[in-house]
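> My questions concern the predicted model and sequence given below.
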Amino acid sequence: MNNTLLKLLQSVDTPTVCNAIEVAQGKRGFNSFTRGNMLSSDPDSRPIVGYAVTAKISALAEPTEPKEVIRARRMDYYRAMSEGAKGDIPSVAVVEDVDYPNCIGAYWGEINTTIHKAFGMNGALTNGVMRDLGDMAEDFPVIAHSVGPSHGFVHIKEVNTTVDIMGMTVEVGDLIHADRHGAVVIPKNIIDRLEAAIHKLLNSEKIILTPAKQEGFDFAAFEKAWQAFEESRV
């Protein structure tokens, strides 16, 4: 992914990216996106764009493993997150809470957003809980399933493993786009066509949106515009 595509992805919302993927693939049916309601720590923030560094957490019950094992895995987690953000490669923390749908542990708050931002990461995506709204690190969006007050017994279960975020499977290194609508995994085999697909999509949408916003727009105008809109998408 080059800087031009990165800037473009940071300027459009996730629904646009989902539609553009279908344009690039030349068909409907793409389904690598989150299901259900997702919340943003900052709904007006830029989208999260980056390659996934993954982990799993749990918080419902106190861990039974020795404390030194828990601590070592925690350090492995932070090391992985810091290494995933090296250089100019954009990265995002993608953390599955295995307690879902009964998540209680607010892993993402002031401390963890500050740490991950300092590592150079672009944001976080989770099916779990966030807290400290208003005190999180600036310009570090978190997309989560819920908001709660406590961290419970939160601890790291796995690092650099395949995770599931609201029905979306994420592998280490997958390219993620996420905002207040949810998240999507961008297929690797269309990345080189995605920039052109986004521009094609945006231009085709103008065909119907521009006349629809003008005075005197009626069914006849709609029918003409819609025909041109459909033809532009072939």
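Yep, that arrived. Residues are numbered from 1 along each chain as shown.
> Phi and psi next, for the nearest residue to L39 once chain neighbours are set aside.
The spatially closest residue to L39, leaving aside those adjacent along the chain, is A144, at 5.6 Å (Cβ to Cβ, 6 or more residues apart in numbering). Every residue, glycine included, has its C-beta placed from N, CA and C. Dihedral pair for A144: phi -130, psi 170, per degrees, to the nearest 10.
> List the residues that contact the residue nearest the centre of the chain.
Residue closest to the average C-alpha location in the chain (Cα atoms, centre = their mean): A178, at 2.6 Å. By Cβ atoms under 8 Å, 6 or more residues apart in numbering, A178 lies in contact with 14, 47-48, 92, 123, 125, 141, 143, 184.
> and if we set it to 7 Å?
Applying Cβ atoms under 7 Å, 6 or more residues apart in numbering to A178 gives the contacts 14, 47-48, 125, 143.
> Restricted to strands, list those.
Applying DSSP state E to the contacts of A178, the entries found in strands are 48, 125, 143.
> any chance of those residues in CSV, with distance to F222 too?
Putting these into CSV (distance: Cβ to Cβ, whole Å) gives the following:
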residue, distance to F222
I48, 36
L125, 38
I143, 35
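> can you pick the most crowded of the contacts of A178?
In terms of neighbours by other Cβ atoms under 10 Å, these top out with I143 at 32 neighbours.
> and the least confident helix or strand in the chain by mean pLDDT, what other elements does it pack with?
Lowest by mean pLDDT, DSSP states H and E among the helices and strands of the chain is helix 219-232, with a mean of 91. Applying 3 or more Cβ pairs under 7 Å, 6 or more residues apart in numbering; DSSP states H and E, we find helix 219-232 packed against helix 191-212.
> Tell me what angle the helix it packs on forms with helix 219-232.
Helix 191-212 and helix 219-232 meet at an angle of 170 degrees, taking axes from the mean of the first three to the mean of the last three Cα atoms, to 10 degrees as the criterion.
> ok now helix 191-212, how far from the chain's centre?
Centroid separation for helix 191-212 versus its chain: 21 Å, with Cα atoms, centre = their mean, to the nearest Å.
> In that helix, which residues are buried?
For helix 191-212, burial by neighbour count (16 or more other Cβ atoms under 10 Å) applies to 193-195, 197-198, 200-201, 204, 207-208, 211.
> okay, among these, which ones form the most distant pair?
Maximum pairwise distance among the buried residues of helix 191-212 (Cβ to Cβ): 28.7 Å, between R193 and P211.
> Include distance to N37 and pLDDT when you put the contacts of A178 into a markdown table, please.
A markdown table is the format used below for those (distance: Cβ to Cβ, whole Å; pLDDT from 0 to 100):
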| residue | distance to N37 | pLDDT |
| --- | --- | --- |
| T14 | 14 | 98 |
| P47 | 18 | 97 |
| I48 | 17 | 97 |
| L125 | 14 | 98 |
| I143 | 11 | 98 |
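> Closest one of those residues to A118?
Among the contacts of A178, and counting by Cβ to Cβ, the member closest to A118 is I48, at 16.6 Å.
> ok, the closest one - contacts?
By Cβ under 7 Å, 6+ apart, the neighbours of I48 are 92, 122-123, 125, 141, 143, 176, 178-179.
> From A178, how far out is it?
4 Å (Cβ to Cβ, to the nearest Å).
> Write down the beta-bridge partners of M130, one by one.
W108, V147 (DSSP bridges).
> so it makes contact with P149?
No: counting by Cβ atoms under 7 Å, M130 stays clear of P149, with 10.7 Å between them.
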